[in-house]
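Asker: Could you work out the structure for the sequence below:
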Amino acid sequence: MMKKRILSFTVLVVLLFSFLFSGCDTNAAKNSADIYCSLIFKSDAQNIQKIGLSDADKDKLIKDYQDKIKSELKKNLLLMGYAASDEQLNSISDAYKEALSKITYETKQISKSVDQAEVEISATNFDIKKIDEKASVAALDETDKMNFANNDEENKKFSEIYLVKLAEELKSAEISSDKASNTFKFKKVNKYWVADDETNFGYKLVRLATSKDNHDLSINEESISPKESAEVFWNLVIKEDSSGMEKLGYSKAFGDRIIKGMNKTDFNDFKKQFSKLGVSLSDSQIQSILDALRNGMSKTSATFEEVSKANNTAQVKVTSTSLNLNSIVNQVGTTTKNQVISGRITDKQKIMDAFATNLINAINNAQITSGSKSNSFSFTKIGDLWIPSNTKKYIETIGEMSMN
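Answerer: This next block holds a predicted model:
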């Protein structure tokens, strides 16, 4: 089963502190931006009293900010099929704050009218996607060397290693010496200066500090639709095509690494199943059967229809053709039985070898059925990305749909 990579952590830090950005002098908007940058990048809230907040408000603000990171991380881990202890969540939260604390920034108020202002914020940055990917690949490499009783055990170990590696990579994050800049609009509401785009201001600021190569801070309602996401995952699992991974913010190389791990898991599952059935096949025979199945599945096609979408949930209907595996197996059984009878084959291993050869040939020569199967799947929006609400179930089901 494919190891699922946890989405980029920039989507975990969207904060709702619109009331922070206050001030009354000529640099009021700049002062508000300074206070906010200090809070986000340095976890320093000592100056927020200057904008009318009490010590109790300050303490609650810091706690809410820390809890927000951990609760969002926990939600995303659960969504991707993993769980994390409070200790692990604290470790990632602390590591993320440690990485952000290395950021240096500058603010400059570039325009101001009675109730409108613009502040330019410049910040050094680190590449969170590269950090996340490096931690994931390291975890995949380590679990590749281990033996597991089942997929759940393997996925649990992968999650444990991944979270440790992620914390390590965040703590040692390399900060770019170059600064990226963006101009933010502020507006005066009563006596306070607030970001014009209150909802996305924190998200944009963190993106400024966590993307090494892309400083386009435009906020799309969705960078990938539920329908497109369904197709990306379908192509990855069924076609072994990782090119669409970039739409999810990941490299094609990482997608290829996922496919490699997925094939390894499938091989081990096949080997265990054949062993349980008392079928003795060599590793090369099992791999050839798996290769034939992969080739057959890649010939199937699918259509994707967005059935519904509201707020952060959506339904996508997937309709696909399939490889009639049941018919193939029955045909191979008959062919092998006839060979055994006509050739008077009595050696069990030779019979198994004949069956494997016939199965491989039959799969390679099989035609895709003219009919189709359909299923509807739930998708959940995180930040500007849509992913399957239950990734494991989605992958398993589309695999079953491609073979009947």
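
Asker: Could you look up the SS state of Val194?
Answerer: When classified by DSSP: H, G, I helix; E, B strand; the rest coil, Val194 comes out as strand.

Asker: Give me the neighbour count for it.
Answerer: Residues within reach of Val194, counting by other C-beta atoms under 10 Å, total 20. Bear in mind the C-beta positions are built from the backbone N, C-alpha and C, glycine included.

Asker: ok, it to Met297 distance?
Answerer: Using C-beta to C-beta, to the nearest Å, Val194 is found at 53 Å from Met297.

Asker: now swap in Lys171 and tell me
Answerer: Lys171 is 41 Å from Met297, by C-beta to C-beta.

Asker: same check, this time on Val316
Answerer: As defined by C-beta to C-beta, Val316 lies at a distance of 20 Å from Met297.

Asker: ok, Lys171 and Met297, which is more surrounded?
Answerer: Between Lys171 and Met297, counted using other C-beta under 10 Å, the more crowded position is Met297 (23 against 14).

Asker: per-residue pLDDT, the closest residue to Lys271 other than its chain neighbours?
Answerer: Closest residue in space to Lys271, ignoring its immediate chain neighbours: Ile286 at 5.6 Å, by C-beta to C-beta, 6 or more residues apart in numbering. Model confidence at Ile286, given as pLDDT, is 93.

Asker: Show me what whatever helix or strand Ile286 lives in is in contact with.
Answerer: Assigned by DSSP states H and E, Ile286 belongs to helix 283-298. Helix 283-298 has contacts (C-beta atoms under 8 Å, 6 or more residues apart in numbering) with 238-240, 263, 266-267, 270-271, 274, 281, 323, 325, 353, 356, 359-360, 363-364, 366, 399, 402-403.

Asker: Equivalent analysis for stretch 320-330, please.
Answerer: So stretch 320-330 is in contact with 234, 238, 293, 296-297, 299-303, 359, 362-363, 366, 368-374, 398, 401-404, going by C-beta under 8 Å, 6+ apart.

Asker: residue boundaries of the strands in this structure?
Answerer: 105-112, 116-123, 180-189, 192-195, 302-310, 313-320, 373-382, 385-388 (DSSP state E).

Asker: These: which one's closest to Ile258?
Answerer: strand 385-388 (14.0 Å; C-beta to C-beta).

Asker: Which other helices and strands does the closest one contact?
Answerer: Here strand 385-388 touches helix 226-234, strand 373-382, going by 3 or more C-beta pairs under 8 Å, 6 or more residues apart in numbering; DSSP states H and E.

Asker: The longest one: which residues count as buried?
Answerer: So the one you mean is strand 373-382. By 16 or more other C-beta atoms under 10 Å, the buried positions in strand 373-382 come out as Lys373, Phe377, Phe379, Thr380, Lys381, Ile382.

Asker: for the chain, which spans come out with low pLDDT?
Answerer: 1-26, 49-54, 57-58, 60-83, 198-200, 202-203, 212-221, 383 (pLDDT under 70).

Asker: quick one: which of the helices and strands packed on strand 385-388 is nearest Ser176?
Answerer: Counting by C-beta to C-beta, Ser176 lies closest to strand 373-382 out of the helices and strands packed on strand 385-388; the figure is 25.8 Å.

Asker: re earlier: buried subset of the contacts of helix 283-298, written for ChimeraX?
Answerer: Buried subset of the contacts of helix 283-298, written as a ChimeraX selection, criterion 16+ other C-beta under 10 Å:
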select :238,239,240,263,266,267,270,274,281,323,325,353,356,359,360,363,366,399,402,403
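
Asker: so of the contacts of helix 283-298, which ones are in helices?
Answerer: The members of these that map onto helices under DSSP state H are 263, 266-267, 270-271, 274, 325, 353, 356, 359-360, 363-364, 399.

Asker: Is Glu174 in contact with Asn125, as I believe?
Answerer: No. Glu174 is beyond contact range of Asn125, at 10.1 Å (criterion: C-beta atoms under 8 Å).

Asker: ok, these two, which is more surrounded?
Answerer: The neighbour count for Glu174 versus Asn125, taken as other C-beta under 10 Å, is higher for Asn125 (24 against 13).

Asker: pretty sure that one is in contact with Ser211, am I right?
Answerer: Yes. The pair Asn125 / Ser211 is scored as a contact, 6.3 Å apart, by C-beta under 8 Å.

Asker: Which neighbours do these two have in common?
Answerer: Taking C-beta under 8 Å, 6+ apart as the contact rule, Asn125 and Ser211 both touch Ala180.

Asker: Enumerate the positions of stretch 191-210 that are buried.
Answerer: Using 16+ other C-beta under 10 Å as the test for burial, stretch 191-210 gives 192-195, 197, 201-210.

Asker: How about the backbone phi and psi for Glu299?
Answerer: No Glu there; residue 299 is Lys. Torsion angles at Lys299 (phi, psi; degrees, to the nearest 10) stand at phi -80, psi -10.

Asker: mind listing what it touches?
Answerer: Here Lys299 is in contact with Leu323, Ile368 (C-beta under 8 Å, 6+ apart).

Asker: how near is it to Thr346?
Answerer: Note on Lys299: its distance to Thr346, by C-beta to C-beta, is 37 Å.

Asker: How many neighbouring residues does the nearest residue to Ser378 once chain neighbours are set aside have?
Answerer: Of all residues not flanking Ser378 in the chain, Ser389 sits nearest, at 4.0 Å (C-beta to C-beta, 6+ apart). As a burial measure, Ser389 scores 17 neighbours (other C-beta under 10 Å).

Asker: CA atoms only for stretch 340-355, dumped as PDB, please.
Answerer: Extracted C-alpha coordinates of stretch 340-355, given in PDB (Å, rounded to 0.1, in the frame of the first residue of the first chain):
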ATOM      1  CA  VAL A 340      -1.800 -31.500 -16.900                       C
ATOM      2  CA  ILE A 341      -4.100 -34.100 -18.400                       C
ATOM      3  CA  SER A 342      -2.700 -34.100 -21.900                       C
ATOM      4  CA  GLY A 343       0.900 -34.100 -20.800                       C
ATOM      5  CA  ARG A 344       0.300 -36.400 -17.800                       C
ATOM      6  CA  ILE A 345       2.100 -33.900 -15.500                       C
ATOM      7  CA  THR A 346       2.300 -35.200 -12.000                       C
ATOM      8  CA  ASP A 347       5.000 -33.100 -10.500                       C
ATOM      9  CA  LYS A 348       3.400 -30.400  -8.300                       C
ATOM     10  CA  GLN A 349       6.000 -27.800  -8.900                       C
ATOM     11  CA  LYS A 350       5.800 -28.200 -12.700                       C
ATOM     12  CA  ILE A 351       2.100 -27.700 -12.400                       C
ATOM     13  CA  MET A 352       2.600 -24.500 -10.400                       C
ATOM     14  CA  ASP A 353       5.200 -23.300 -13.000                       C
ATOM     15  CA  ALA A 354       2.700 -24.000 -15.800                       C
ATOM     16  CA  PHE A 355       0.000 -22.100 -14.000                       C
END
